[in-house]
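In: Sequence and predicted structure, then a few things I'm wondering about:
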Amino acid sequence: MVTTKGSFAVEDMKNVQINIGAVVKEEEEWDQPMGPYPKPNVATLRDWDFKLANRYKIFYAPADDTCTLCTYGPCDLTGNKKGACGLDMAGYCGKIVLIACLMGCCAHAAHGRHLYHWCLDRFGDMKFDMGDEILVDSPLYQTIMGTKPKTLKEFGDGLSYVEEQVVQLMAATHTGQEGYYGDFESKALHAGMLDLLGMEICDMLQIVAYDMPRGAADAPLIEIGMGTLDQNKGVLIAYGHNLAAGAEAMIYAEANNLWDKVDIGGVCCTAHDLNRIGLAAGNPSIPKNIGMKPKVAGAMGWWRKMVRSGVMDCVMVDEQCVFCDVLEDTQKRKIPLIATTDKIMLGLPDRTNDPVDQIVDDLVNFKMPGVAVLDPKKAGEVGIRTAIAVKPKRSEAKAQNLITDTQFKEYLEKCTGCNQCVFVCPPHTNIGDLIQEAVKGNLEPFSALYETCVGCARCEEVCPQGIPIMDLYEYANRDYIKGQKFKMRSGRGPARDTEIRAVGAPIVLGTIPGVIALVGCSNYPKGTKEAYDMAKEFADRGYIVVTSGCMAMDMSLYTNEEGKTIWEQFGGAFDGRNVCNVGSCVANANIADAAIKVATIFAHRNHRANFDDIADYILSKVGACGVAWGPYSQKAASIATGCNRLGIPVVVSPHSVMYRRSFMGRMDKPEDWMVIDARDGKMQQIEPAPEAMLYIAETKEEAMLEMAKLCLRPSDNSMGRSIKLNHYCDISIKYCGKLPDDWHIFVRDAKDLPITYKDKMMKELEEKHGWKIDWKNKKITEGPLRPADVSFDPTNIPRKIRAKK
Amino acid sequence: MAGEVKKGIDTTKNAIPFEMAQIPGPEMAKTYMPKVIGAIIKKAKRPLLVVGAELFDDPVMFDKIIEIGKTGIPIAATAHSVKGFVDRGYLDNVYQIGLHPLTAHLRFDDWIGLDGKGNYDAVIFMGIFYKFANAMFSTLKHFNRNIKRVSIDRYYHVNADMTFGNMAFIPDDYHAAVDEVIEALKK
Ligand code: SF4
Ligand code: SF4
Ligand code: SF4
């Protein structure tokens, strides 16, 4: 805005008036006044970030000792030395973390930008309507932007805001700009928050435009698994994260009655989103319940296993988690490939403006291995027609690409047992041993470890004998692949306001022991079954289990003794003892949204432009814990970082050390655990809860123990605390054989003690920890860090103090 | 068997990171013979043995660790490895703590330690998922150089100060090498 000594240019003045008008109008429709931080800039929430970082010390595990980011390099930063530019190792790690979070944030925001233009072009502007049961309909947007979008078009403001901030953050990573690691992390937290917003925008756009469920606890069960793809039809795979082209393929198949000739299978998050389409009843351009028709082929970790299994005839890739050698894999097997967004074009010719007949003809006759078609509608038609027409033509290629009994034996014989493959295998599978067993005729180990293999193909890259190790897996698992048929509950979208009202008090008081969010990708340390095991453990214990993305798909591949999948064992509500699938990766925003909604719907906190206040509430009172047990992507890094800024701790797998940064509290520093009692402004010592913001666990067992612990909150009442401690202790007994060493730190009163362990614990408190016990009245008279106090109102933000001076 | 060779097991060969691409930079671990490593651990004033869940894959290692524990070296049982000690009825100087929070604390010289008596001057890792142990060694390598980083795991640990070479595929030799470390500690 051009100003000269306080006078506005006329044009600007008009804008000002319009803005004021909009704000006044919105004020009338919204009972919340504008909060302090609408559209926070890079440094606006820095105080909050530093509060977090002071308690949860920034922890770096550098993945390399040198920096090569500019021409001065390589600089040796070993031992936190400085490089030529003055950046030390901590600063360098902070810079890399920020760049990673920006990659993640940009992936979602760009996805959102694409969907935004596409949805407006395809369907025109639409009312943003989440239905009667979701009135707090875009919690992150409202908390960050301070406004409520009323139409899809209005989400454009949010996208522009994210884009502007991202440019500012990226600029700070140039050599000679930011130098302090703490500020890099504040910026990374900002990027993480922007990512949550970008994801929410994506999901809100697609929920409305594609008529997806709006908080349907009873979202339908759909088919998942390689075995569900009908081999009598042409099989089209839609692989990636952006539903646009896949949706058009579905609509084309529907409009032309082609479902008896074609099967569509989604891979990675596109699968989730295709299966959500048309399950509500709103947009007349979307055929009702069309989302029931495609199958979920599987999570991204299964991609290479799928392509080798011969179950597909044509592939459409859109964006994000697509293996870079997808074209090599498809070309080798004569599977035509269609690239449908400009993010992934793979060197393919851009045929967007060519007639469909010509493109299909070229693909079906293998004149080219693939094409780029950047118009989703055209890409969808090309995909369906190609899949159907190419199927008979590629039967020979399909057969040739499945190894025969003889080939299998020949490959086994080629193995020299050099173990090169083991050196690069992420889960350290001893492939040489599997081969030795197979030589003896025992394929069991190859089967048993199929789910453990993350499908990275690094073993094949290094094998000096050129053994196609993943093909050996495929050969040994043919029956399993055919029979891989399970059910998954379709993505339900947000938590309904009524659900939040019902669970708000139990969550804050602790009588629902916590919200466990199992999210992220398929790079598991020990196989996909761990996703199922974690979900089951916590749902059985009465936690609210929410899930999304690849983890939701992977947990679907197992059943209990009665043959029931996790979805058939538990309901899909946002409630204790339920497992709810919110949807794809971008639907993760709904999980953060649920936490915000506890603060705003249950506790009546104003969330409008009030990010730190809401985050403070969640940190102190909402016992939620995110878990990314197979995260591989930078998106996972930014999502976790965004959750951390919102006060939600996250547990990650041992592979996540590659993210380099985590946040860990110091249990031995009582001064780090002082909070304000908002009732009177006095400082109060609290127990270290939650003890960490980003915790790396080595095993599933450790992760589960930590998940239970990270649900502890200072606001728990005695019943809630005893329930939470009970699960924490129980899990420790179950997997570690003993009570954890630190349970006593969380005891404020005898009433906090879980009934099952009460007597044993009282004794231990007296004998081991020197606490004073009044045995007659079964009371603790001395020892705890603080007394239990139901009306204690912990906060980290001075402006929340209520006492009038 | 290799374990019976009189001169002792040569643990200095195969200095190749178990995950091959883990090449951090100019400072890479040196491999040492078990006796030397044993002597260095013995010399430490506040050593801490840090063990992980891979011990379950080779349970005999629990017994060897308990032998080390009996020489007075405290044990941090990370992940859920404490179960192995519970099952063997040995919990004397065993602490249950995750490797991540443990390393987070080890960074600070003023940490009170697992026994309240202060930080450690040497950590000895074994039985931990390679990538995780490697990263936690990296943290200490860069941010607390007062602690000696020792590995007696079956891997060449590139971010340690002292390590064996890769022995992942010669379990008998590895067991014998750990026995030699124990012998040296008992001397
Ligand atoms: S950015 Fe700094 S530390 Fe990195 S190579 Fe350049 S001068 Fe060295
Ligand atoms: S493809 Fe599977 S077996 Fe091969 S290195 Fe990767 S995880 Fe290991
Ligand atoms: S790298 Fe190849 S030859 Fe060597 S053990 Fe592995 S499969 Fe066998």
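Out: Yep, it's here. Ligands and ions are numbered 1, 2, ... in the order given.
In: OK, contacts around A:Ala505?
Out: When contacts are counted by Cβ atoms under 8 Å, 6 or more residues apart in numbering or on different chains, A:Ala505 touches A:511, A:602. C-beta: built from backbone N, CA, C; applies to glycine.
In: now it, what's its secondary structure?
Out: With DSSP: H, G, I helix; E, B strand; the rest coil as the basis, A:Ala505 sits in helix.
In: and chain A, what are its domains?
Out: What automatic domain parsing lists as the domains of chain A is A:31-215+A:491-716, A:221-401, A:405-467.
In: Tell me which of the ones you listed lies nearest to ligand 2.
Out: For ligand 2, the closest of the domains of chain A is domain A:405-467, at 3.2 Å, according to Cβ to the nearest ligand atom.
In: so who does whichever residue of chain B sits closest to ligand 2 touch?
Out: Closest to ligand 2 within chain B is B:Glu19: 10.8 Å, counting by Cβ to the nearest ligand atom. Taking Cβ under 8 Å, 6+ apart as the criterion, B:Glu19 is in contact with A:423-424, B:130-131, B:134.
In: before we move on, what about A:Thr44?
Out: Applying Cβ under 8 Å, 6+ apart, we find A:Thr44 in contact with A:Tyr37.
In: now A:Gly192
Out: A:101, A:104-105, A:638-645.
In: Mind putting the residues you listed into JSON lines with distance to ligand 3?
Out: Shown next, in JSON lines, are the contacts of A:Gly192 (distance: Cβ to the nearest ligand atom, whole Å):
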{"residue": "A:Cys101", "distance to ligand 3": "36"}
{"residue": "A:Gly104", "distance to ligand 3": "33"}
{"residue": "A:Cys105", "distance to ligand 3": "38"}
{"residue": "A:Ser638", "distance to ligand 3": "35"}
{"residue": "A:Ile639", "distance to ligand 3": "35"}
{"residue": "A:Ala640", "distance to ligand 3": "34"}
{"residue": "A:Thr641", "distance to ligand 3": "37"}
{"residue": "A:Gly642", "distance to ligand 3": "40"}
{"residue": "A:Cys643", "distance to ligand 3": "39"}
{"residue": "A:Asn644", "distance to ligand 3": "40"}
{"residue": "A:Arg645", "distance to ligand 3": "44"}
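In: Among those, pick out the one closest to A:Tyr180, please.
Out: Taking Cβ to Cβ as the measure, A:Tyr180 lies nearest A:Cys101 of the contacts of A:Gly192, at 16.6 Å.
In: mind showing which ranges of chain B have poor pLDDT?
Out: Along chain B, segments meeting pLDDT under 70 span B:1-6.
In: That one: strands as residue ranges?
Out: B:30-31, B:47-51, B:75-77, B:94-96, B:122-126, B:148-151, B:162-163 (DSSP state E).
In: still on that earlier bit, from the contacts of B:Glu19, which land in helices?
Out: A:423-424, B:130-131, B:134 (DSSP state H).
In: Which members of these are the farthest-apart pair?
Out: A:Val424 and B:Asn134 (14.2 Å).
In: Neighbour count for the two, which is higher?
Out: Neighbour totals were compared for A:Val424 and B:Asn134, and B:Asn134 leads with 25 against 19 (other Cβ atoms under 10 Å in any protein chain shown).
In: wait, what's in contact with that one?
Out: A:657, B:17, B:19, B:22, B:157-159.
In: Let's see that with 7 Å instead.
Out: Residues counted as contacts of B:Asn134 (Cβ atoms under 7 Å, 6 or more residues apart in numbering or on different chains) are B:22, B:157-159.
In: That concludes my questions; thank you for your assistance.
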